[in-house]
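**Q** Provide a 3D model corresponding to the input given below.
(chains A, B, C and D)
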Protein chains: 2
Amino acid sequence: MTQTGRYHHGDLHDTLLQEANTLLSKQGVEGLSLRKLAERAGVSRTAPYHHFRDKNALLCALATQAFRQLDDMINRQLHQAGSQEGIQDFVREYLRFATENPEQYELMFGRTIWKSGDPTDELKNIAYRSFRHYAERLATLLEGRLPAKTDSLRVAQASWATVHGLCRLLIDGIYVNREDIETVSEQSIALIMAALSRPAP
Amino acid sequence: MTQTGRYHHGDLHDTLLQEANTLLSKQGVEGLSLRKLAERAGVSRTAPYHHFRDKNALLCALATQAFRQLDDMINRQLHQAGSQEGIQDFVREYLRFATENPEQYELMFGRTIWKSGDPTDELKNIAYRSFRHYAERLATLLEGRLPAKTDSLRVAQASWATVHGLCRLLIDGIYVNREDIETVSEQSIALIMAALSRPAP
DNA sequence: GGGTTATTTTGACAGTGTCAAGATCGAGAG
DNA sequence: CTCTCGATCTTGACACTGTCAAAATAACCC
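**A** Predicted coordinates for the structure are as follows:
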């Protein structure tokens, strides 16, 4: 289980992951097949099965990687942000992350893993942890500013949904053009901000 | 196995669509194959190709159907809604639509059609029209209540993104549990409402 | 060395979408 | 009524896909 000794290939595990990630970026999930991957790595079709239980496991590993990046971003971005500008920057960073790695984002939150496949425990952990971090930081950020009977967890879920929905519409290119990113995201930020500073009756 | 008017089949077109929709509901897109469909309709594997150019065309037809329903709902729901309660009801209806037909919703907005496949002109038309209807109705609803320099189109996009994102997280079961639908959706409604009645500085 | 174990390969199977070519049958033209 | 035509359907085939079983290979430990 070490990576220094080279028995047959060297370390297929990492090579596979790396190659899969670049292929994902270029062709999307539907262009990612284990056989193609194996060929690129110079091994037989079934070689990957000794490093990943099945395709689902590979995809989960990829998504886990991406979630680690996102989690880092969250902690970095919302760490010492004491003001509304902190949240604004976070939203912008989030949008940047999603639009610069659309295929990874799709994999992280898409049905391929969460509905049709089954997410690894490792993936679930990092995914939930990321959200928890966001919720916690947001909670401390909003401490005292929230009216009674308003659970900060709900605010976290609702605001995440807003940004997430925006990303989806953006990435899939349905209702929001990429040229409108700036204005629409500003509007979304305003949406969140208004709710935070002055909640509904 | 229906035998009404069987010269060849009767009308495969509608049978195919209908069967596809029930199969979609039960098994999701990934469980929907043309061959399975053909078998259920009692015809050969390639028979459907004389009614739909390819699988993408079939999926687009399904999505178009669903969009027609959504469009109807939008026009019905936001027709004479003059107050905030109208918007609230709309959001609730939208959430109901999405959670009761999760697979259809996924197909309507998912990457299967919009990214990996290519959407039919018919589909694009109805999809854009639905959103336009929403935007228009929302605009008349908010007339005069919006501050200067706030484009109602942006508000429409942002609010749609909020509800859409909520639906996605709900359907894919990532961050929002189904038991929390009520509270989270209320929070989301509050989010939108706050922005509408009292915009951010 | 031998033996164990991890790694890789070959072969095979059941699926998938889709194309090409032939078969069938309803209906309108003569 | 016959006969052709065009819509509809079928058979066969191809290139893919994920994944399993069993055999082969190479590295490791004793």
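**Q** residue A:104: what's it in contact with?
**A** Listed by C-beta atoms under 8 Å, 6 or more residues apart in numbering or on different chains, the contact set of residue A:104 reads A:21, A:24, A:25, A:62, A:63, A:66. (C-beta placed from N, C-alpha, C; glycine too.)
**Q** how near is residue A:9 to DNA strand C?
**A** 3 Å (C-beta to the nearest atom of the strand, to the nearest Å).
**Q** does that residue belong to a helix, a strand or coil?
**A** Three-state assignment for residue A:9 (DSSP: H, G, I helix; E, B strand; the rest coil): coil.
**Q** residues near it, how many?
**A** Counted with other C-beta atoms under 10 Å in any protein chain shown, residues neighbouring residue A:9 total 14.
**Q** wait, it sits on residue A:48?
**A** No - counting by C-beta atoms under 8 Å, residue A:9 does not reach residue A:48; the two are 10.7 Å apart.
**Q** ok, the closest residue to residue A:146 other than its chain neighbours - contacts?
**A** Distances taken as C-beta to C-beta, 6 or more residues apart in numbering or on different chains place residue A:152 nearest to residue A:146, at 6.0 Å, with adjacent residues excluded. Residue A:152 sits next to A:135, A:138, A:139, A:142, A:146 when contact means C-beta under 8 Å, 6+ apart.
**Q** the third one - how many residues pack around it?
**A** Put plainly, it is residue A:139. Neighbour number of residue A:139 under other C-beta under 10 Å is 15.
**Q** now the first one
**A** By the other C-beta under 10 Å criterion, the neighbourhood of residue A:135 contains 18 residues.
**Q** just the fourth one next, same as before
**A** Neighbour count of residue A:142, defined by other C-beta under 10 Å: 16.
**Q** so it touches residue A:155, yeah?
**A** Yes - between residue A:142 and residue A:155 there is a contact under C-beta under 8 Å: 6.9 Å.
**Q** residue A:192 against residue A:88, yeah?
**A** No - with contact defined as C-beta under 8 Å, residue A:192 does not reach residue A:88; the gap is 9.1 Å.
**Q** quick one, which of those two is more surrounded?
**A** residue A:192 (26 against 17).
**Q** name the helix or strand for the more buried one, please.
**A** helix A:181-197 (DSSP states H and E).
**Q** can you check residue A:15 too?
**A** Using DSSP H and E, residue A:15 falls in helix A:12-27.
**Q** in that helix, what counts as buried?
**A** A:12, A:13, A:15, A:16, A:17, A:19, A:20, A:21, A:23, A:24 (16 or more other C-beta atoms under 10 Å in any protein chain shown).
**Q** which residues sit in contact with the third one?
**A** Residues in contact with residue A:15 (C-beta under 8 Å, 6+ apart) are A:9, A:41.
**Q** mind listing the shared neighbours of residue A:9 and residue A:48?
**A** residue A:41.
**Q** mean confidence for the host helix or strand of residue A:124?
**A** For residue A:124, the enclosing helix or strand under DSSP H and E is helix A:121-142. Helix A:121-142 shows a mean pLDDT of 93.
**Q** check stretch A:49-63 too.
**A** 97.
**Q** which residues touch stretch A:162-180?
**A** So stretch A:162-180 is contacted by A:91, A:94-95, A:98-99, A:102, A:105-106, A:109, A:181, A:184-185, A:188, A:191-192, B:109-111, B:114-115, B:127-128, B:131, B:157-158, B:160-169, B:188, B:191 (C-beta under 8 Å, 6+ apart).
**Q** try 7 Å this time
**A** Contact with stretch A:162-180 is made by A:91, A:94-95, A:98-99, A:102, A:105-106, A:109, A:181, A:184-185, A:188, A:191-192, B:109, B:111, B:114-115, B:127, B:131, B:157, B:160-162, B:164-166, B:168-169, B:191, as judged by C-beta atoms under 7 Å, 6 or more residues apart in numbering or on different chains.
**Q** where in chain A is pLDDT low?
**A** Along chain A, the parts satisfying pLDDT under 70 run over A:1-8, A:80-84, A:195-201.
**Q** now do 50
**A** Scanning chain A with the threshold set as pLDDT under 50 gives A:1-6, A:199-201.
**Q** how about TSV for the contacts of residue A:152, with distance to DNA strand C added?
**A** Formatted as TSV, those follow (distance: C-beta to the nearest atom of the strand, whole Å):
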residue	distance to DNA strand C
A:135	38
A:138	42
A:139	43
A:142	48
A:146	49
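**Q** reformat these as a markdown table; add distance to residue A:43.
**A** Below are these laid out as a markdown table (distance: C-beta to C-beta, whole Å):
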| residue | distance to residue A:43 |
| --- | --- |
| A:135 | 43 |
| A:138 | 45 |
| A:139 | 48 |
| A:142 | 51 |
| A:146 | 55 |
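**Q** nearest to residue B:55, of the residues you listed?
**A** Set against residue B:55, the nearest of the contacts of residue A:152 by C-beta to C-beta is residue A:135 (40.4 Å).
**Q** against residue A:159, how distant is that closest one?
**A** 10 Å (C-beta to C-beta, to the nearest Å).
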